[in-house]
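Participant: please find the sequence and the predicted model below.
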Amino acid sequence: MLHGQRVIVVLPAFNAESTLKRTIDELDRAIVDELILVDDGSTDNTVEAAEALGLTIVRHITNRGYGGNQKTCYRAALDLGADIVVMVHPDYQYSPLLVPAMAAMIAYGEYDLVLGSRILAQNAVAMGMPTYKYISNRSLTMIENVLMRQKLSEYHTGLRAYSRGLLEALPLDRNSDNFVFDNQIIAQALAAGARIGELSCPTRYHAEASSIGLAPSIRYGIGVLRTAVQYRLHQAGLRSFPYLEVSSLERVAPAPATAGVNAS
């Protein structure tokens, strides 16, 4: 536990057999109470690898998409009593070593959602991000910031931490089952009045890391822009979108600072 709060890491998995152990080995089990892997119809031995590591496993017999996988992840974590939920990709593209820092930003009451940014305070291209991905990332983020009136460095990261209160407040089932889910949940969080923080996150581009092709990338970019426009119209009262109909977030005051860090 961390500051008296139960921390659960969720791993949305698809064909992650070769990278799963490396990811798990870098998680700090002193503060992580449980690890949940949701397998989205993998065709390799991801489930067997997760069983060997002692993870809690939820299986999708057929692939439900990245967003559909996350919906199951968060539902399972809340059902198991999570106070803080951290999503870590099991393809070892994002650093699991940042989980304690991200969870602490929520546990001590500073933020409701924390994003691990590959852009903040570093040269992402020098660290291996392909130039075309960097340009796409920065262009979409700039437009999103203008339309959503924010100052985030990145909306497209797969390393995220959520408070229980925030996840319970958001109608996640109204979101897409595809990659645009990541942007819709940020839009929902903003609509709920969530406090969003960022932490600089190194990223790894390697042969085993997950990636999407050109056509899905284009569809994702269009979906991102659509989400930003919908958020702006919704907030202005010009149009109503069901997935953005969110109640204001109610926060519970954090425990006294003397609670410290407790090993689970």
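Facilitator: That came through fine.
Participant: only C-alpha atoms for contact and neighbour calcs from this point on.
Facilitator: Fine.
Participant: strands along the stretch 51-200 of the chain, start to end?
Facilitator: Counting by DSSP state E, counting those that start in this stretch, the stretch 51-200 of the chain has strands at residues 56-60, 84-87, 113-117, 160-163, 196-200.
Participant: Serialize those strands to JSON lines and add fields for distance to residue 142.
Facilitator: As requested, these are exported to JSON lines (distance: least, C-alpha to C-alpha, whole Å):
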{"stretch": "strand 56-60", "distance to residue 142": "35"}
{"stretch": "strand 84-87", "distance to residue 142": "24"}
{"stretch": "strand 113-117", "distance to residue 142": "14"}
{"stretch": "strand 160-163", "distance to residue 142": "20"}
{"stretch": "strand 196-200", "distance to residue 142": "16"}
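Participant: for residue 31, find the nearest of these.
Facilitator: strand 84-87 (10.9 Å; C-alpha to C-alpha).
Participant: what does the closest one rub up against?
Facilitator: Residues outside strand 84-87 that contact it (C-alpha atoms under 8 Å, 6 or more residues apart in numbering): 5-12, 74, 77, 99, 102-103, 106-107, 158-164.
Participant: on that earlier part again, residue 178 is nearest to which of the strands of the stretch 51-200 of the chain?
Facilitator: strand 56-60 (14.9 Å).
Participant: which parts of stretch 237-249 are buried?
Facilitator: Residues of stretch 237-249 classed as buried by neighbour count (16 or more other C-alpha atoms under 10 Å): 243-244, 246, 249.
Participant: CA atoms only for it - export them in CSV, please.
Facilitator: Only the C-alpha atoms of stretch 237-249 are listed here, as CSV (Å, rounded to 0.1, in the frame of the first residue of the first chain):
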residue,chain,number,x,y,z
GLY,A,237,-23.3,24.0,-24.4
LEU,A,238,-23.7,23.8,-28.2
ARG,A,239,-23.9,20.1,-28.5
SER,A,240,-24.4,17.2,-26.1
PHE,A,241,-22.4,14.0,-26.2
PRO,A,242,-23.4,11.1,-23.9
TYR,A,243,-19.8,10.0,-23.1
LEU,A,244,-19.1,13.6,-21.9
GLU,A,245,-22.1,13.8,-19.6
VAL,A,246,-20.1,13.4,-16.4
SER,A,247,-20.8,14.5,-12.8
SER,A,248,-18.4,16.8,-11.1
LEU,A,249,-15.7,14.8,-9.2
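Participant: rounded mean pLDDT for it, please.
Facilitator: On average, the pLDDT along stretch 237-249 is 94.
Participant: renumber starting at 181 from here on
Facilitator: Okay, residue one is now 181; in that scheme the one you just asked about reads as stretch 417-429.
Participant: show residues contacting it.
Facilitator: 345-346, 349-352, 354-355, 367-368, 371-374, 410-411, 413-414.
Participant: quick check: end-to-end length of stretch 233-249?
Facilitator: 20 Å (C-alpha to C-alpha, to the nearest Å).
Participant: tell me which residues of it are tucked away?
Facilitator: 235, 237-239, 244-249.
Participant: remind me, longest helix of the protein?
Facilitator: The longest helix of the chain (DSSP state H) is helix 394-415.
Participant: so which of the contacts of stretch 417-429 sit within helices?
Facilitator: 345-346, 349, 367-368, 371, 410-411, 413-414.
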